[in-house]
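Participant: predicted coordinates and the sequence they were generated for:
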Amino acid sequence: MAIEAQFPFCGGSQQDWMDYGCGGLNQHFNVQQQKQQQLQQCNMHQLQNYQLQRNQDLFSDNTLVSASKNNCNTSNVSMGTLAAYDEKQRQEIDHYIRLQNERLRLVLQEQKRQQLGLLLKKLESKALPILKQKDEEIAQAAKRTVELGEFLKKLEFENQTWQRMAQENEAMVVSLNNTIEQLRENSSGCFNNGAEDSESCCDVSSRAEEGLLDAADDTARKMVMVCKGCNSRNSCILFLPCRHLCSCKACEAFLDSCPVCQTPKKASIEALMV
């Protein structure tokens, strides 16, 4: 009773103490039991999941093995077909490359031909005027050669004519000199015949001699032409284009024009006097 008085909160029946005094302990025991049950349930669920996953893996492995076996059989069957297809593809590629190479070669060849054609046309356009000019120069040179040949023939003919005239004049001079000598002899004979006859004869012969001498001198002066430059040597140079025989060889080098007609000298020819 004393104890009950000291601890009034412990009063009551034993059942009340079990219900109220130890109520926390019972509650704690119940929570622990629930946790164990939940843990067991989780373990069972994980075990079931593991077994299910294992069964799925085994099924997948079996499926892969079956698929591998089927693939091996299929690959063995289609190996020849793939090799043939690869060979066909390689041949087609090689054929295409050859066609492209041939096409490229033809294109390059055509371009080269066109470039050569353009180059030839360009060279031809530049060469034609030059060739035409050279042809004209050749034609002019040929024409000039023909003209010079004809002129040379004409000069040769004139040279021969002058030589023939010189010979004729020389023969005439000789003939006149012979006539003068004969007249002189005749006049000397007249002086020996008598005084009267000699006087008349001398008068006649002297007049005749003077006339013949004057004629001979004039003819000699005309035929044997004296150089118009020095008036001493005979003329042997023919001036062109006036064709005057009026200079000796020594004076011709110092004359720029004809001393007779004053025509500018373009050329000169030596006349051979025989």
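Facilitator: Here it is on my side, so go on. Numbers count the residues shown, from 1 in each chain.

Participant: what residue ranges in the stretch 151-274 of the chain score low on pLDDT?
Facilitator: Residues of the stretch 151-274 of the chain meeting the criterion pLDDT under 70: 188-224, 272-274.

Participant: all the strands of it, residue numbers only.
Facilitator: Using DSSP state E, counting those that start in this stretch, the strands found in the stretch 151-274 of the chain span residues 237-240, 245-247, 267-270.

Participant: partners of the last one, with directions?
Facilitator: Strand 267-270 has the following strand partners under DSSP bridges: strand 237-240 (antiparallel).

Participant: out of the strands of the stretch 151-274 of the chain, deepest packed?
Facilitator: strand 245-247 (a mean of 23; mean count of other C-beta atoms under 10 Å). Placement of C-beta: from N, CA and C, glycine included.

Participant: give the partner strands of that one in its sheet and their orientations.
Facilitator: Under the criterion DSSP bridges, strand 245-247 sits next to strand 237-240 (antiparallel) in its sheet.

Participant: C-alpha coordinates for the strand it pairs with, CSV please?
Facilitator: Taking C-alpha atoms only, strand 237-240 is exported to CSV below (Å, rounded to 0.1, in the frame of the first residue of the first chain):
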residue,chain,number,x,y,z
ILE,A,237,82.6,57.2,-173.0
LEU,A,238,78.9,57.1,-174.0
PHE,A,239,76.7,59.0,-171.5
LEU,A,240,73.2,57.6,-170.7
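
Participant: any chance of the strands of the stretch 151-274 of the chain in CSV, plus distance to Gly117?
Facilitator: Formatted as CSV, those follow (distance: least, C-beta to C-beta, whole Å):
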stretch, distance to Gly117
strand 237-240, 56
strand 245-247, 66
strand 267-270, 53
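
Participant: tell me which element Arg90 is part of?
Facilitator: Per DSSP states H and E, Arg90 falls inside helix 23-193.

Participant: which among the strands of the stretch 151-274 of the chain is found nearest to Val174?
Facilitator: Evaluated over the strands of the stretch 151-274 of the chain, closeness to Val174 peaks at strand 245-247, with 20.5 Å, by C-beta to C-beta.

Participant: check what contacts that closest one and list those residues.
Facilitator: 162, 225, 227-229, 235-239, 255, 258-260, 268, 271 (C-beta atoms under 8 Å, 6 or more residues apart in numbering).

Participant: looking at those, which one is closest to Lys126?
Facilitator: Minimum distance to Lys126 across the contacts of strand 245-247 is 44.9 Å, recorded for Ser268 (C-beta to C-beta).

Participant: does that closest one touch Leu238 like I think?
Facilitator: Yes. Shown here, Ser268 and Leu238 form a contact pair, counting by C-beta atoms under 8 Å, at 6.6 Å.

Participant: what is the nearest of the contacts of strand 245-247 to Leu119?
Facilitator: Of all those, Leu119 sits closest to Ser268, with 54.4 Å by C-beta to C-beta.

Participant: let me see the contact set for the closest one.
Facilitator: If you count contacts by C-beta under 8 Å, 6+ apart, Ser268 has them with 237-240, 247, 252.

Participant: now with 6 Å?
Facilitator: Shown in contact with Ser268 (C-beta atoms under 6 Å, 6 or more residues apart in numbering): 237, 239, 252.

Participant: dump the residue contacts of the first one.
Facilitator: It refers to Ile237. Contacts of Ile237 (C-beta under 6 Å, 6+ apart): 247, 252, 268, 270.

Participant: next one: the second one
Facilitator: Contact criterion C-beta under 6 Å, 6+ apart gives 258, 265, 268 as the residues in contact with Phe239.

Participant: need the contact list for the second one.
Facilitator: It stands for Lys265. Counted by C-beta under 6 Å, 6+ apart, Lys265 has contacts 239, 256-257.

Participant: try 8 Å
Facilitator: So Lys265 contacts 239-240, 255-258 (C-beta under 8 Å, 6+ apart).

Participant: do the same with the first one
Facilitator: For Cys258, the contacting residues are 239, 242, 244, 246, 265, by C-beta under 8 Å, 6+ apart.
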